[in-house]
Structures are given as structure tokens and as C-alpha cells.
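Q: sequence and computational prediction follow.
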There are 2 protein chains.
Amino acid sequence: MQRARTVMRPSAPQAGAAYKVGYRSDRGGENLHLYRYEQKVKQAFANIELCLKGISGFQHEADFSRRAQAVAREYLGFELPDVLLADAWIKSVDVGQLYVWCVFETFRRMSDEFFTDKPLVGLDDENFQAFIEKCGFHTVDVSPCADGRLAHVIRYVLRLPYKSVRRKSYAGAMFDIDDSLQKWVETEMLRYRESRPNSVDAATRYLKAAVYHYSTSAPDVEGCAAHGSDAVKAAEGALSRLQAFQQGVENSFCCGASIDLLLIGIDTDNDAIRIHLSDADGGIDAVRYVDCSDVYAVANAGDTSEEIYNVVAGLAQTQGIAPAEGMLRFVAKLFHSNMLQVDYVREYYNGRYEDIGHQERFIGMGIGFEEIQLRNLTYFAYLKTVEEGARDLDVGIKIFSQLNVSRGLPVPVVIRNDYHGQVPGARERAVDRCHQLDAALKHRFAALHDKGMLHTLLMVRDCHADACVETVGCSLALNGQEKH
Amino acid sequence: MQRARTVMRPSAPQAGAAYKVGYRSDRGGENLHLYRYEQKVKQAFANIELCLKGISGFQHEADFSRRAQAVAREYLGFELPDVLLADAWIKSVDVGQLYVWCVFETFRRMSDEFFTDKPLVGLDDENFQAFIEKCGFHTVDVSPCADGRLAHVIRYVLRLPYKSVRRKSYAGAMFDIDDSLQKWVETEMLRYRESRPNSVDAATRYLKAAVYHYSTSAPDVEGCAAHGSDAVKAAEGALSRLQAFQQGVENSFCCGASIDLLLIGIDTDNDAIRIHLSDADGGIDAVRYVDCSDVYAVANAGDTSEEIYNVVAGLAQTQGIAPAEGMLRFVAKLFHSNMLQVDYVREYYNGRYEDIGHQERFIGMGIGFEEIQLRNLTYFAYLKTVEEGARDLDVGIKIFSQLNVSRGLPVPVVIRNDYHGQVPGARERAVDRCHQLDAALKHRFAALHDKGMLHTLLMVRDCHADACVETVGCSLALNGQEKH
């Protein structure tokens, strides 16, 4: 039903028109499955405002609490904390607190469902490791921009298995070199020590990808805030980090240690990607790339992987790029997947998202958030401390100042720390870190917090046990009633 | 000359009397060499107050600047910034700023000399790696308390080569488990990949030691502030971290991965250690240990390593502890070294330091400080962010509020980030991190900073190149004149 609302709008722009209509059949019904999941979750968040708007309208009437709960059950599927309704007859109902409470509760429910039902596990996920090893890689590590319009890059835009791909988001895709070096070291150690994911005898490398973004319909406004909406600067910035990481590995370790690199750009209007392919000698250019629209234009219906591979190889050649065979095979798969996503946007969003700008519902900060695989739901900053992640948080708060605070709604922030439950004290340290981040966040944005315009939900998760999240704190003071 | 001042004081307590007089000859003159270095550096810092006291006395007299510079040259060996002297005739000379400037300059000179002349390289340093490998270890990682009275633990108290032993200080020796796990991973990776420091075929393990402290003469006052001056709590706290680290390694990695542990206590009155030996099964007890004074009492003049080994083995046996042979050999060496240090304190400080309480000259924070190997000179907090190291810094600022602020002198803080120059951009990131720490520190202690009672010197160092430190910022505004 939701689909009709969006797709049928006659005035929607026809940005997808350049693509052949109906090119790719939705084999296995994956697009429909992904769309239903996306709609369900996003509608749950969208219903919050509809619900509260309704409730606000009769807040001074008799029998308010009972009626409000009935409306909440109908729109949201859960009841509101009585304590937030009880005093509405004295002073106005605190819509801001109700709003934040509902966002947190909706996220908690969505998260629980994600880890219990695993709705985004792909049919082909278990073959992924064997595939990348054939391509010459043992690990794929992706750093997208923290922008919520890229939050679906792993599972939707590139159709990669979210459990097998490392994702750490940073504003402007300007990832932390030292954090990446540390991950590389850990990865290689496990290969040597435990042959995980494969043995060092295999001639595979660590692949690091950075994902920047731009908007073709509003390039100067809706591009990457961290790079002043300049697509070339965004590409150059991400590329400089990739190169520094590669050189860091090469200079710090002997015996030919290196990694492979990939620079990817996303048009946030329609999810089409461009890939800056590394040459056989590893060189990447910020302005030479293969665009999905070109692959789409040349490839034919029913093409095999081999045929798409040949199309991409041909396009690379016209750019004067001759990537290694394995890299080309991997990239061909990404284009193949991305064509499905382009179709997805064409079919369900008429070729261009209506929300080409920011429409995130909350900020996520910390370590974790495997369950966040949807577009424009979360501004996510991967960070260990507010001190280090300050710039990323500043961007996030700026976005939400426009989205929420300007209308009188608080900024909901979910603070998260996933931990490895097999390490003694890890849970306690994760909880402590949540509280540390909470205090630092409120300190940094004290003016917002003092006005009640910043609220936090603190969560931890034992990722070793693949458990559900556990709520360990919340800024909403509900006198012990119906706490998250 | 300095020695006479301390040793000959007839009223000094005879805490060392329990030790046999003249037991151990100072073979190779190491104690004398170490003492001369210690005196030279500490006197340089002590001279600052003497010098400024003198200068303050004639600040309103004619020809003040010229006379002040003459006094500074005589006491300190360098001149003061003219800008801090020029306006003394208008308002009083700012002794606080002069003091901080002199502390920073003295440290800078001491640091340069350390990296240029390498005064604390030991004669036997190059044989250390072979020795620990014989004992069954490939890496020795020590976390002492951040307290300045333990800052000499590596080179003086235990006589270990400071370049070969990892040292990361934390208040109460409550080291960061995740930081240690990361270091373990890196160490094992290098063994596999580059056979550094030895190959994984060698049956050696990573040895993690934690060092807590207490004061026998003033146990309730001069013990560890982080553990309320309770020696048992300090031992238990450090032990709990050691055990968590060990279990973290065991639970995170398969194939019998583990580490060895050592818990060491130091009497900060006289530098005598006690070692809580791990049993053959790795178990350590917070209240069972071998004390250096017992080893000292039993061992005979001219004992060989083998004989000391037997003494320690016998003492361990009376405690019901039967450590592995290699561990016992390593510990016997530590006791051997510590007996030299006990003699050092007996000979040069009459068996007990006069400054049994805090007398640090500055706070060091960040990553690095290889040149800090002297007692009671620096309160050192190893940290990546103020946010994570907040508790350690709170302890440090509290100490300096007593030492300095109560007398009207500012707290000098040296912010340091060592970096690996072979990684592209590493220097720039280290500089950025210095500024980040600087801002966060001033923010956390805003009241002190606003009163001019907190000053910082920002330094980085390329540890890969074994270079001297480089000053990249200072809170003293000298209008570009004679900046650090």
C-alpha cells in the first residue's frame, strides 16, 4: 500500500529514463523483498509524527490518556508511557519527549526483529567468501560517508552480505588510518594463526573501499556536506585516505605487504555507482571511473556474469585502465548488483528518491549498528570517543538542527557499543563507554541538552553471541515507568 | 656535590638497616652513573625555583632584565624570554609564566640530550631479547601506575632496557584491556609474518606485568591514590586486569593462545619490590609474594645468577608457589637487579627517599615519553583522548593542585604524541591529536585554565626514526619570541 503512495505520483521526475526500461528481471524477488522490509521499517518511523499530531489535537479533552493509547496502538503497535500522558490536563503534553520515546521504542523493536528474524540475510551470502577469494581478496572493508543516504550501501546499493563486510562510517568517508591499520594487522594475524578467513598461503589481499557521494539533480546542495557538496573534492579526499592506508601498510611491514583499493561514488538521487578502478599497478584516479549507467546501457538482458565482466573490461579499457582480472571480476559483480538497485529505485521510487535530501530519523554513534542497513534512517558516526568523532557529530547535529530542532523536536541519539562477550569484563566496559560517550555528547552540545533538545538511548550488544541489543540507559526520566 | 646534601643528613631515617651493609658491589659503576644522571636532571628542575626566587627579589630594581638574564644563565644555563621580563617595571613579573617556560625549556633540553647522547642505554641491553627468550618470553609489556614515583621502574628499579620493554602507565596500574589485546595481536602478527622478535616456532609467550605500589613508612597516606592507599586493593585491582587480559586472549583466539602474567609491587620509600609469582598453572595470588628484602637477606655477596635463582626458588616454595623454570629465571634476574636498586637508595638516599610523597615537576600525557625514566619527575598518563584518560588526568591535576596551584604556580602539562614516520600523514595526525588533546584538556579543566594556572607544551616525535622531539605548540603567548 505504501508503494502506491510513492510510485504513482505523476509529478515525480523521470531521472531513471536513461536506463532501459524493464531491463533486469527481479530474480528471486529480492527487490520486492527488500522494498517490503524498507517500507515496513520506514513507515513505522513515519507513523510516529502522524500519531503524535493526532494525539496533540485532543490533548485537553476528557479521557485523553485512554484515547491517546488507542491511537498509539493503532498507528505504532505499542502504547506510550502513561507518565508522559498523565499531566496533559495541567500543562501541555510534552510532544518532544513523546516523540523521542517513540523513536527509541521503534528502533528497539526494529533492532530486535533484525537480530531475531534476520530479514536481510541474502540467499547467496554463504558463497561470498569463496567468491572474493577467487577475486584475490580475503577481506572487504568499506568506509562510506556517515551520511544517512549511504547507510544502505552494503545490503542494498552493492548487495553485499552485511555480516561479511566490515563497515565503518566517517563524515566525508575520511576514515581513520590507524583504526584501519589495526584491523589489517588483526586480519593478517588470524590468517596466520587460525587460517581465518583463509590461510596466508592463499595469494589474496585485504581490500579497502571508500564510498563518497554526490547528487546529480542538486549537485551544489545535496552532495557531501563534509566536502562542500563538491564531488571531485569528495573523491579526492577519500582517495587520499585510501592511498595513505596502503602506504602505511607497505611502509610498516616488510615482505611485500600491501592492500588493494577501491574508490566508489554514489549518486544519492538514484543509488547508481561509479567505480574508480585501480590499474594493474594499483593506481587509482579521482576523475577516471566506470559509471553504472554506461554498464547498464551496454549490457543486455539476461547477461551472464561473464558478459557483464566483458562489458566492464571494455569500458575500463576506454578509460585507459587495465585492472587485474580478479579486481575486474569483483567490480563486475558490484555493477551487476548495482543494476538491480538501479532497477529498485526505478520501480519503487520512479527512478529518483523523493527524499533526495536528509530525512534521517536519529543519530547513531559508537561501535556496532549492524541492523542499520536502510537509506536515510540514521546518520551514523563510527567512533570510540566524542573527542575523536567531534567533527562527525557536529555534522550530524547540524543536520538534525534543521530536521528536528527547527520544528521544536529534540534530536534522538542512539549510543551503541557492541562488545565481544568472550572477553571478561567486555560488557561492563561497553556499558561504561556508553555512559562516557553520553556524558561527553551532552557536554559538547550542552546548549541543546539544557533545552531538552538532545536525548540519548544507551545500548550494548554481544556481537560474539549474535545477540539482540540490550538497553542500558536513557535520558528520558520516566520515574522507572516503561523504561527502554 | 648534590649527593653530599642528601646522604650525609644525620637525621635521615635508617629504613635500609635491615639490608646487609655493603652487600653488593656496584659492578661497572652503574649505580654511580645512574645517580649522576638523576641528580643532573633533577637539579636542573630544582634550580628553576631557586633561580626565579632570586629574580623575583630584584624585579623592581634598575637594570632588571640584564641582571635576571645573568642569574638565569648561571642557574639554568639558558636565558629567559625577554618579553616576560620587559614589563616588570610596570606590573610585577609574571613568575608563573616564567616558571612554566623554564620547566618546558628544561624538559626540552633534557629530552634532546636523552635522544642524542643516550645516557641510559645499559651495557647489557642487547642481550636482553636472547635472555627473555630463554626464559620463555618474546615480549615484556609493563603497566605501572601513572604515579611519578614509579616513573623510573623500567630503567632503575628493574634495570630493564627501556627500548625493549613496552611501558604504558595508568592510574592504579588499571591498564586498558583492549589496548593490550591490540598490542598482543600486533606482536603475534609480526612473529608470524616477519619472525620479529622471534618466530612462532619458538615456544615463547607474551609477558604482561602490572606494577602497583605502597609506602611502608606512611602506608595510609603515601600509597596509591587510585586505590585509597590500600596496598591489598592496589594488588587486587592490578591482578584483576591481568587476569581479564589473559582470559581475553584465551577466549578470543583458539589453539591454546595465552599469555604469562606477573604482578609486582613497589615500596616507593626505597624501591624494594615484591613479586607475586604465577604458579606453574599460571595462577597468581594478590597476597602471596616473594619480597626483595627476603632475597637480599638470604643471598650472599658475590652470588651468581644460579645461586640467586635457587634462593628465589626456595622462597617461592615456602609460599607454596612452584613457578615454571623460565619464569623463575626471569624473576631471579629482576630481584638481582632490584637488589642493585635497593643498594642505590641506601647509598645515595640513606635507605629511604626524602621525597616519599609527590614531587613531580610536570604532567606528561599522550603517547611516548621514552625519555622519562626518572623517579618523581613526571606524572605520566598514557592516553589517546582526554575523554578516555579523564580519571588519570583528574588524579594528576589533583596532585599538582597541591604541589603547584596552592602556591600560585601553574600546572605544566607536556602533551606528546609519538608517531611512526613511515606511515604517510602520521606526523600531521600526531600534531592534530596534540591540538585535540590540548583543547580537551583546557575544556575539562576550564577553571584552572581561565586563571592561567594550566599551561601546555605540545610535542611530537618520530619514534621510527629514533629522532629528537619536535615542539608543535605552546600555551605561552610570547608574541613569536623565543617560542619552544
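A: Here it is on my side, so go on.

Q: which stretches of the stretch 251-400 of chain A form helices?
A: A:292-298, A:305-318, A:325-349, A:390-403 (DSSP state H, counting those that start in this stretch).

Q: just give me the residue closest to the centre of chain A.
A: residue A:151 (1.7 Å; Cα atoms, centre = their mean).

Q: now that one: how far from residue A:225?
A: Using Cβ to Cβ, to the nearest Å, we find residue A:151 at a distance of 15 Å from residue A:225. (Glycine included, C-beta is placed from N, CA and C.)

Q: how about the residues of the stretch 251-400 of chain A by chain B?
A: Within reach of chain B by Cβ under 8 Å from any Cβ of the partner chain, the stretch 251-400 of chain A has these residues: A:251, A:252, A:253, A:254, A:255, A:257, A:384, A:385, A:386, A:387, A:388.

Q: 6 Å instead?
A: A:251, A:254, A:385, A:387, A:388 (Cβ under 6 Å from any Cβ of the partner chain).

Q: what about residue A:407, how many neighbours?
A: A count of nearby residues for residue A:407, using other Cβ atoms under 10 Å in any protein chain shown, gives 9.

Q: averaged pLDDT, stretch A:273-284. What do you get?
A: Mean pLDDT, stretch A:273-284: 88.

Q: what's it in contact with?
A: Stretch A:273-284 is contacted from outside by A:239, A:261, A:263-266, A:289-292, A:316, A:321-324, A:331, A:338, using Cβ atoms under 6 Å, 6 or more residues apart in numbering or on different chains.

Q: next one, pLDDT for the residue of chain A most remote from its centre please.
A: Distance from the C-alpha centroid of chain A, by Cα atoms, centre = their mean, peaks at residue A:62 (43.7 Å). pLDDT recorded at residue A:62 is 88.

Q: any idea how far residue A:89 is from it?
A: 9 Å.

Q: same question, residue A:421
A: Relative to residue A:89, residue A:421 is positioned 47 Å away (Cβ to Cβ).

Q: please name the residues that touch the residue nearest to the centre of chain A.
A: A:372, A:375, A:378.

Q: more neighbours: residue A:421 and residue A:89, which one.
A: Between residue A:421 and residue A:89, counted using other Cβ under 10 Å, residue A:421 has the larger neighbour count: 18 against 14.

Q: test my guess that that one contacts residue A:466.
A: No - at 10.0 Å, residue A:421 does not count as touching residue A:466 under the criterion of Cβ atoms under 6 Å.

Q: pick the most buried one from the helices of the stretch 251-400 of chain A.
A: Comparing the helices of the stretch 251-400 of chain A by mean neighbour count (mean count of other Cβ atoms under 10 Å in any protein chain shown), helix A:325-349 comes out on top with a mean of 22.

Q: list the single closest residue to residue A:259 in space, sequence neighbours excluded.
A: Once flanking residues are discounted, residue A:259 sits nearest to residue A:206: 4.4 Å by Cβ to Cβ, 6 or more residues apart in numbering or on different chains.

Q: so what's that neighbour up against?
A: Contacts for residue A:206 (Cβ under 6 Å, 6+ apart) come out as A:139, A:184, A:187, A:259.

Q: wasn't it part of a strand?
A: Yes - according to DSSP: H, G, I helix; E, B strand; the rest coil, residue A:206 belongs to a strand.

Q: give the residue spans of chain A that score low on pLDDT.
A: For chain A, applying pLDDT under 70 flags the ranges A:1-28, A:301-302, A:479-484.

Q: longest single helix anywhere in it?
A: Counting by DSSP state H, the longest helix found in chain A is helix A:30-57.

Q: so what touches the helix or strand encompassing residue A:144?
A: Assigned by DSSP states H and E, residue A:144 belongs to strand A:137-144. With Cβ under 6 Å, 6+ apart as the test, strand A:137-144 has contacts from A:150, A:153, A:165-170, A:173, A:175, A:187, A:197-198, A:204-211.

Q: narrow these to those in strands?
A: Secondary structure defined by DSSP state E assigns A:165, A:166, A:167, A:205, A:206, A:207, A:208, A:209, A:210, A:211 of these to strands.

Q: tell me the bridge partners for the nearest residue to the second one once chain neighbours are set aside.
A: Counting by Cβ to Cβ, 6+ apart, residue A:166 lies nearest to residue A:141, which is 4.2 Å off, once chain neighbours are set aside. Judged by DSSP bridges, the bridge partners of residue A:141 are residue A:166, residue A:208.

Q: so the host helix or strand of residue A:415, near chain B or not?
A: Using DSSP H and E, the element containing residue A:415 is strand A:411-419. No - with Cβ under 6 Å from any Cβ as the criterion, chain B is not reached by strand A:411-419; the gap is at least 9.6 Å.

Q: got the residues of the stretch 101-250 of chain A near chain B?
A: Contact residues, the stretch 101-250 of chain A versus chain B (Cβ under 6 Å from any Cβ): A:185, A:186, A:188, A:189, A:192, A:194, A:244, A:247, A:248.

Q: now, the most widely separated pair of those?
A: Within these, two members stand farthest from each other by Cβ to Cβ: A:194 and A:244, at 29.0 Å.

Q: more neighbours, these two?
A: Taking other Cβ under 10 Å, residue A:194 and residue A:244 do not tie; residue A:244 has more neighbours (20 against 13).

Q: adding distance to residue A:403 and secondary structure, write the residues of the stretch 101-250 of chain A next to chain B out as JSON lines.
A: Formatted as JSON lines, these follow (distance: Cβ to Cβ, whole Å; DSSP: H, G, I helix; E, B strand; the rest coil):
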{"residue": "A:185", "distance to residue A:403": "39", "secondary structure": "helix"}
{"residue": "A:186", "distance to residue A:403": "37", "secondary structure": "helix"}
{"residue": "A:188", "distance to residue A:403": "42", "secondary structure": "helix"}
{"residue": "A:189", "distance to residue A:403": "42", "secondary structure": "helix"}
{"residue": "A:192", "distance to residue A:403": "47", "secondary structure": "helix"}
{"residue": "A:194", "distance to residue A:403": "45", "secondary structure": "helix"}
{"residue": "A:244", "distance to residue A:403": "33", "secondary structure": "helix"}
{"residue": "A:247", "distance to residue A:403": "39", "secondary structure": "helix"}
{"residue": "A:248", "distance to residue A:403": "37", "secondary structure": "helix"}
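
Q: just the buried subset of those residues, please.
A: A:185, A:186, A:188, A:189, A:192, A:244, A:247, A:248 (16 or more other Cβ atoms under 10 Å in any protein chain shown).

Q: what's the closest non-adjacent residue to the second one?
A: It refers to residue A:186. Counting by Cβ to Cβ, 6+ apart, residue A:186 lies nearest to residue B:185, which is 5.1 Å off, once chain neighbours are set aside.

Q: and for the fifth one?
A: If the residues on either side of it in the chain are set aside, residue A:192 comes closest to residue B:192, at 3.6 Å by Cβ to Cβ, 6+ apart.

Q: my guess is that neighbour meets residue B:201, correct?
A: No - using Cβ under 6 Å, residue B:192 is not in contact with residue B:201; the gap is 10.1 Å.

Q: list the residues that contact the closest residue to residue A:298 other than its chain neighbours.
A: Once flanking residues are discounted, residue A:298 sits nearest to residue A:311: 4.9 Å by Cβ to Cβ, 6+ apart. Residues in contact with residue A:311 (Cβ under 6 Å, 6+ apart) are A:295, A:298, A:299.
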